[in-house]
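Novice: below is the structure, and that's it, no one-letter string:
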């Protein structure tokens, strides 16, 4: 049972970012970050309103008015069992359904043992953790709030998103709840490293400003539909450099539905490492005890240099998955991700110059 808290606490955050980082706010301090040389740089954040009209004829302020009540601020606290100082993290999220389920990032709630969700009107609720999936960096919390206080957001179809589409990011960067930023989809089919070091495929890249504390908040289209969950930024400065990444909504819908129903997610697993080559995907390692080993897939035994690039030789080259062409490791990963443990699939491979079809029964990802 969750508990309603009548008071409202606002978190401010500090962070350190280099390369691809998890866009989470940690601690409770002024809006500052540390440069590489240890110098503290104060970052002043100004929130401005806009009535700019999108291509659809709907104003960004109109979208904000419609969806902002469904976006929440999340604080997660981990206590020290030895009586020391507790650690806290701050992020964003959004209401998923009328039952009080809230979507956020796994890295926002990781290692915490208590959670608070702040709604649009400042009401704060204790939340329980329903489940997490480190492989996609998604998590679900639940609050015991009346339905009248909940404004669930609608998931859009991320497969219909195109480069150049206008998008809006909504969340609580630096603890500043209800902050709206605007941009476009700047690229598609990017890959991110999940908290457990697996690859998240087909992510959406945007130039909408995403900062510490935006993690878990929605990336929206101009109809106010969620097309992604903001997760990471690429930055050398510690702030938004105009390169942010979001987990696509089609992945969100699949993973969150499983977490809501069972609290867990099972991912299919093949068990190889691989690299892209001109004709497909070369197997560079077959891990022991995996479906790939049981199917007798063969790893490369050597290499050669072509056009200045090292190409594996002597092993299997995967060119199709259940009849669908495989051109890159991302293609193969996405194909495996679309299946369940226990599914049997057919891999079409080139082995010693001959085309071979190999059945493989996928297992559960360790």
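Specialist: Yep, it's here. These numbers come from a predicted model, not from an experiment.

Novice: from here on, just use CA atoms for contacts and neighbour counts.
Specialist: Will do.

Novice: which strand or helix spans the closest residue to residue 295 other than its chain neighbours?
Specialist: Distances taken as CA to CA, 6 or more residues apart in numbering place residue 360 nearest to residue 295, at 5.7 Å, with adjacent residues excluded. Here residue 360 sits within strand 354-361, counting by DSSP states H and E.

Novice: same check, this time on residue 305
Specialist: In this assignment (DSSP H and E), residue 305 forms part of strand 302-306.

Novice: and that strand, which residues are buried?
Specialist: Buried residues in strand 302-306, counting neighbours by 16 or more other CA atoms under 10 Å, are absent.

Novice: again, but for stretch 359-366
Specialist: By 16+ other CA under 10 Å, the buried positions in stretch 359-366 come out as 360, 361, 362, 363.

Novice: ditto for stretch 145-157
Specialist: Across stretch 145-157, burial judged by 16+ other CA under 10 Å covers 145, 150, 151, 152, 153, 154, 155, 156, 157.

Novice: looking at those residues, which is nearest residue 287?
Specialist: Residue 287 lies nearest to residue 157 out of the buried residues of stretch 145-157, by CA to CA, at 35.1 Å.

Novice: the closest one against residue 251, yeah?
Specialist: No - counting by CA atoms under 8 Å, residue 251 is not a contact partner of residue 157; they are 9.9 Å apart.

Novice: any low-confidence regions in the protein?
Specialist: Low-confidence segments of the chain (pLDDT under 70): 1-58, 83-85, 235-240.

Novice: now do the helices in it.
Specialist: Here the chain has its helices, by DSSP state H, at 60-67, 106-109, 249-262, 291-294, 329-337.

Novice: could I get the ones you listed as JSON lines with distance to residue 190 and mean neighbour count?
Specialist: Below are those laid out as JSON lines (distance: least, CA to CA, whole Å; neighbours: other CA atoms under 10 Å):
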{"stretch": "helix 60-67", "distance to residue 190": "26", "mean neighbour count": "17"}
{"stretch": "helix 106-109", "distance to residue 190": "19", "mean neighbour count": "26"}
{"stretch": "helix 249-262", "distance to residue 190": "14", "mean neighbour count": "18"}
{"stretch": "helix 291-294", "distance to residue 190": "26", "mean neighbour count": "19"}
{"stretch": "helix 329-337", "distance to residue 190": "9", "mean neighbour count": "19"}
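
Novice: of all these, which lies closest to residue 234?
Specialist: Residue 234 lies closest, by CA to CA, to one member of these: helix 106-109, at 16.2 Å.

Novice: centre of the chain versus that closest one, how much separation?
Specialist: Helix 106-109 has its C-alpha centroid displaced from the chain centroid by 10 Å (CA atoms, centre = their mean, to the nearest Å).

Novice: hmm, residue 268 is touching residue 337, no?
Specialist: Yes - counting by CA under 8 Å, residue 268 touches residue 337, with 6.0 Å between them.

Novice: circling back to that earlier point, residue contacts, the residue nearest to residue 295?
Specialist: Residue 360 is in contact with 291, 292, 294, 295, 344, 345, 346, 347, counting by CA atoms under 8 Å, 6 or more residues apart in numbering.

Novice: repeat that for residue 163.
Specialist: 184, 185, 186, 187, 188 are the contacts of residue 163 under CA under 8 Å, 6+ apart.

Novice: try 10 Å this time
Specialist: 184, 185, 186, 187, 188, 204, 205, 206 (CA atoms under 10 Å, 6 or more residues apart in numbering).

Novice: find the nearest non-adjacent residue to it, please.
Specialist: Counting by CA to CA, 6+ apart, the residue nearest residue 163 is residue 185, at 5.0 Å.

Novice: tell me the contacts of the one you found?
Specialist: By CA under 10 Å, 6+ apart, the residues touching residue 185 are 161-168, 204-208, 219, 221, 244-245.

Novice: sorry, back to before: direction included, what does the strand holding residue 360 pair against?
Specialist: Partners of strand 354-361 in the sheet, by DSSP bridges, are strand 344-351 (antiparallel).

Novice: and the strand it pairs with, how far out from the chain's middle?
Specialist: 30 Å.

Novice: now do that strand against helix 329-337, angle only.
Specialist: Counting by axes from the mean of the first three to the mean of the last three CA atoms, to 10 degrees, strand 344-351 points 150 degrees away from the direction of helix 329-337.

Novice: what's next to strand 344-351, contact-wise?
Specialist: With CA under 10 Å, 6+ apart, strand 344-351 has contacts from 279-282, 291, 295, 297-298, 314-326, 332, 336, 339, 355-363.

Novice: go again with 6 Å.
Specialist: Identification of contacts with strand 344-351 by CA atoms under 6 Å, 6 or more residues apart in numbering yields 316-322, 355-361.

Novice: and stretch 302-310, by the same measure?
Specialist: So stretch 302-310 is contacted by 311, 312, 313 (CA under 6 Å, 6+ apart).

Novice: for the residues you listed, pick the one with the most neighbours.
Specialist: residue 312 (23 neighbours; other CA atoms under 10 Å).

Novice: could you find the closest non-adjacent residue to that one?
Specialist: Excluding the flanking residues, the one nearest residue 312 by CA to CA, 6+ apart is residue 303, at 4.2 Å.
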